[in-house]
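S.K.: give me coordinates for this.
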Amino acid sequence: MSLDRRQWLESVVALAASGVLPAARAQRGSPAPSGDAFSPLATGDPQPFDYAWLKGRARTDALAAYSPPHAALPASLAALDYDHFQAIRFQPREALWGKADDLFRVDFFHRGYQYKERVRVHEVVHGQAREIAYNPAMFELRKAGIDAHTLASDLGFAGFRVHFHTNWAADIAAFLGASYFRAVGADRQYGLSARGLAIDTAMPDGEEFPRFSAFWFERPAREAGSLTIYALLESPSIAGAYRIVLTPGGTTTMDIDAALYPRKPIARLGVAPLTTMYLCGENDRRRGDDWRPEIHDSDGLSIDTGAGEWIWRPLVNAPGTRLNTYVDHNPRGFGLLQRDRNFDHYQDDSVYYDRRPNAWVEPKANGGFDEGAVQLLEFPAPDETVDNVVAYWNPARPAQPRQELLYAYRLHWGTRTPFRSTLARVVATRTGIGGVVGRKRAYFSWRFAIDFVGGDLEALGKDAAVEPVITTSRGTIEIASARPQAAINGYRAMFDLKPADDSVEPFDLRLFLRLDGAALSETWLYQWTAPSMDDRRRLLME
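M.R.: Numbering: from 1, shown residues only. Reported below is the predicted structural model:
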C-alpha cells in the first residue's frame, strides 16, 4: 500500500482541529475510573500483558502462515472521498483518559477512505489488558453522510492520536495507516513520518508495507510525563513486537524497542525508517511554475558516523529512482532535517514548511546498529502530496527465518536538532550554469556554491588559508574557491564541475573545508545528474 502524505497530514490536522476540552466523563452510567481501574471504554475479561508476552506472540505468529487483514467495510465507508472522511469527528468526551487529573488523552480515528484495515486497541492496567470497544457514538458521522445505525459494533478503529495536558486541543503524535506515525515538537507542526519497519524498499519486486495491527496503551501513573505504547507488527515477511515510550516536550522523544521475527528471508530490511517530501529547493529548482521558492518537509540527510565524521547530504527531487548507501559501523545517529527555517524562503502561510520538525534516530548502546549502512532512497515527485524520500538503517546481515532481531533507538522530533557537530555546518546549497561571468562559455560546466556557518569560522582571520577539499567520481573540478561570507558570518565554497562525456549517470561529489590540515566543517555529499546533451547546448546558448 502507498499513502498520500499530504492527505495523511491534512486528515490528521483537520481531525485534531475539531477537538475541544474534554468534558468530565459521564460514560453511559459507568463510574469514572481511578488510577487503579480500567477505563469504561475497556471491555471483556482482563488478560495478562507485558512486553515479554507480546514478543512471544510475535514469535509464535512468525511460525505460522500470514493471514491478511480483513478489510471489508460497509459500502458507505469504503466509498468515502477525502473531504467526507475529514468530516468524521471524534467526540473528545469519548477519549481514553483525559480527565482533569490525567496527563494524557488518546483519541481514535475511524475506518474509511484509504484506512480500511481494523486496528485493535487495548488499555493496560497493572499488567492486565482489556480491549477498547468501538462504538459509533464515539464519532460525529452525520456530516460525512454516514448513518451510525448501519455500522457494526465491532467495526474497530483505524488508528489513534495522543494529546498532552499542556494543550488538550493539539495532538502530539498520531499513528494512522500501515506502520506510519508522526510526532511534533514545540511548534506543534506535523511534517515527515516515521514507520515501524521498511521491507524491500526499491527492490525490483516492489516494497512490502508492514502494518501495526494492534496497540496496547499502558495507563500512566498520575504524575508520569511519558506514555508507553505497545504494538504488534505484521506482514507476509515478518512479525514484530514494539515498545514505544512517548515523552512530550519542546523536543518530543520516543524510546523504541523492537523485536523482529522474520517469516522468510528478507533481502533489504529497513530499521527506523523515516519518510519525507522534497519537491524543490535552492539546490534543485524543478518547479518554475509554482509561486513558492521552496517546497519540502526536509532539506537534507544528516549522519553522525561511528568514526565521528558528520555528513550532510542535501535532498533532491531525483530524475529517477536513486538508492545511496552510506556504509557505517555503530553510527551515533542519523536523521532527516529541515535546516532552513526562514519563512521568506518558502512563502507558504498555509502549511508552514519553515516549521516542519526534524526527526533524528539515536541508536542505543547494543541496540543492533553495529554493521550496516544508512540508505537513502529518492524518487521523482510530481507534486507535494507524494513522500519521495526514505532513509533507514540497513543491517549488513540479511534477515532469515527463525531469527530474533532486537533493535533499540530513540527518535527525536522537533525543530532543534538534539545533536550537533562542533564543526561548521552546511546551511545552503545552490547550483547553476558554470563558467566565468562576462566570458563566452566554450563548453558546458555546472556551478556549485555551498555556504557554511558555525564552528571556528567566525574566529578566523581574514587571511586564513581555508581550502575546499573536493572530490568527484568523474569529470573535472574547476574554479574552486573558499572565501569569507560576511552576510552569514561564515564561508562560501564554490566550484565548477565539467563532465568528461555525454553520460547522464549521476556524479558523486564530496567537499569539506580544511585549515592547516584539519577539518573545519562537516562533509558535504551530493549526487548530481548532468542534463542531456540537447539541454547542455541550449544552456550554453542562453
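S.K.: residue contacts, L406?
M.R.: Applying CB atoms under 8 Å, 6 or more residues apart in numbering, we find L406 in contact with D257, A258, A259, L260, G367, G368. The way it works is simple: take the backbone N, C-alpha and C, and place the C-beta from them, glycine included.
S.K.: ok, now E467?
M.R.: A482, L513, R514, L515.
S.K.: redo the residues you listed as JSON lines? Include distance to K264 and neighbour count.
M.R.: JSON lines is the format used below for those (distance: CB to CB, whole Å; neighbours: other CB atoms under 10 Å):
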{"residue": "A482", "distance to K264": "51", "neighbour count": "25"}
{"residue": "L513", "distance to K264": "48", "neighbour count": "26"}
{"residue": "R514", "distance to K264": "48", "neighbour count": "15"}
{"residue": "L515", "distance to K264": "53", "neighbour count": "16"}
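S.K.: which one of those residues is nearest to A58?
M.R.: Nearest to A58, judged by CB to CB, of those is L513 at 47.8 Å.
S.K.: wouldn't the closest one be in contact with A519 here?
M.R.: Yes: contact criterion CB atoms under 8 Å: L513 and A519 qualify, at 7.3 Å.
S.K.: just grab the bridge partners of the residue most central in space within the chain for me.
M.R.: Ranked by distance to the mean C-alpha position of the chain (CA atoms, centre = their mean), the top residue is S193 at 2.9 Å. Bridge pairing for S193 (DSSP bridges) gives the partners T275.
S.K.: tell me the domain ranges of the chain?
M.R.: 5-414, 425-541 (automatic domain parsing).
S.K.: rewinding a little: write a ChimeraX command that selects only the buried members of the contacts of L406.
M.R.: Entered in ChimeraX, the line below selects the buried ones among the contacts of L406, by 16 or more other CB atoms under 10 Å:
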select :257,258,259,260,367,368
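S.K.: got the buried residues for the helix or strand encompassing A408?
M.R.: Using DSSP states H and E, A408 sits within strand 405-414. For strand 405-414, a neighbour-count test (16+ other CB under 10 Å) marks L405, Y407, A408, Y409, R410, L411, H412, W413, G414 as buried.
S.K.: show me where this structure has helices.
M.R.: Secondary structure of the chain (DSSP state H): helices at 5-17, 51-62, 75-78, 82-86, 533-541.
S.K.: flag every buried residue along the second one.
M.R.: This points to helix 51-62. Buried residues in helix 51-62 (16+ other CB under 10 Å): Y51, W53, L54, K55, R57, A58, R59, D61, A62.
S.K.: okay if I get these as CSV plus distance to A530 and pLDDT?
M.R.: As requested, these are exported to CSV (distance: CB to CB, whole Å; pLDDT from 0 to 100):
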residue, distance to A530, pLDDT
Y51, 52, 98
W53, 56, 98
L54, 51, 98
K55, 50, 98
R57, 52, 98
A58, 48, 98
R59, 50, 98
D61, 49, 97
A62, 47, 98
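S.K.: got those as a markdown table, with distance to N135 columns?
M.R.: Below are the buried residues of helix 51-62 laid out as a markdown table (distance: CB to CB, whole Å):
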| residue | distance to N135 |
| --- | --- |
| Y51 | 29 |
| W53 | 27 |
| L54 | 26 |
| K55 | 31 |
| R57 | 26 |
| A58 | 29 |
| R59 | 33 |
| D61 | 28 |
| A62 | 33 |
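S.K.: out of those residues, which is nearest to W360?
M.R.: Y51 (24.3 Å).
S.K.: the residue nearest to the centre of the chain reaches Y180, doesn't it?
M.R.: Yes: S193 lies in contact with Y180 (CB under 8 Å); the separation is 5.0 Å.
S.K.: on that earlier part again, what's the average pLDDT for the strand holding A408?
M.R.: Taken as a whole, strand 405-414 carries a mean pLDDT of 98.
S.K.: angle of that strand against helix 51-62?
M.R.: Counting by axes from the mean of the first three to the mean of the last three CA atoms, to 10 degrees, strand 405-414 lies at 120 degrees to helix 51-62.
S.K.: so where is the protein shaky, pLDDT-wise?
M.R.: Applying pLDDT under 70 to the chain picks out residues 1-36, 287.
S.K.: could you redo the last one with a cut-off of 50?
M.R.: 1-3, 5-10, 12-34 (pLDDT under 50).
S.K.: from V162, how far off is the residue nearest to K143 when sequence neighbours are not counted?
M.R.: Of all residues not flanking K143 in the chain, A87 sits nearest, at 4.1 Å (CB to CB, 6 or more residues apart in numbering). Distance of A87 to V162, computed by CB to CB, to the nearest Å: 22 Å.
S.K.: tell me which of the two has more neighbours.
M.R.: More crowded of A87 and V162, by other CB atoms under 10 Å: V162, with 23 against 18.
S.K.: who are the contact partners of the closest residue to P293 other than its chain neighbours?
M.R.: In this structure, P293 finds its nearest non-sequential neighbour in H345, 5.8 Å apart by CB to CB, 6+ apart. In this structure, H345 makes contact with E282, P293, E294, D354, judged by CB under 8 Å, 6+ apart.
S.K.: so what's the residue count around the closest residue to the last one other than its chain neighbours?
M.R.: Read it as D354. Nearest non-adjacent residue to D354, counting by CB to CB, 6+ apart: F343, 4.6 Å away. Using other CB under 10 Å, the number of residues around F343 comes to 13.
S.K.: which strand residues bridge the residue lying closest to Y326 once chain neighbours are set aside?
M.R.: Closest residue to Y326 apart from its sequence neighbours, by CB to CB, 6+ apart: V374 at 4.6 Å. In this structure, V374 bridges to Y326, W393 when assessed by DSSP bridges.
S.K.: just checking, V374 touches P363?
M.R.: No: V374 is beyond contact range of P363, at 10.8 Å (criterion: CB under 8 Å).
S.K.: ok, now how distant is H126 from E117?
M.R.: For H126, the distance to E117 - CB to CB - is 30 Å.
S.K.: ah, wrong one, I meant T417
M.R.: Taking CB to CB, one finds T417 at 35 Å from E117.
S.K.: quick check: the residue nearest to D354 touching V351?
M.R.: No: using CB under 8 Å, F343 is not in contact with V351, being 11.9 Å away.
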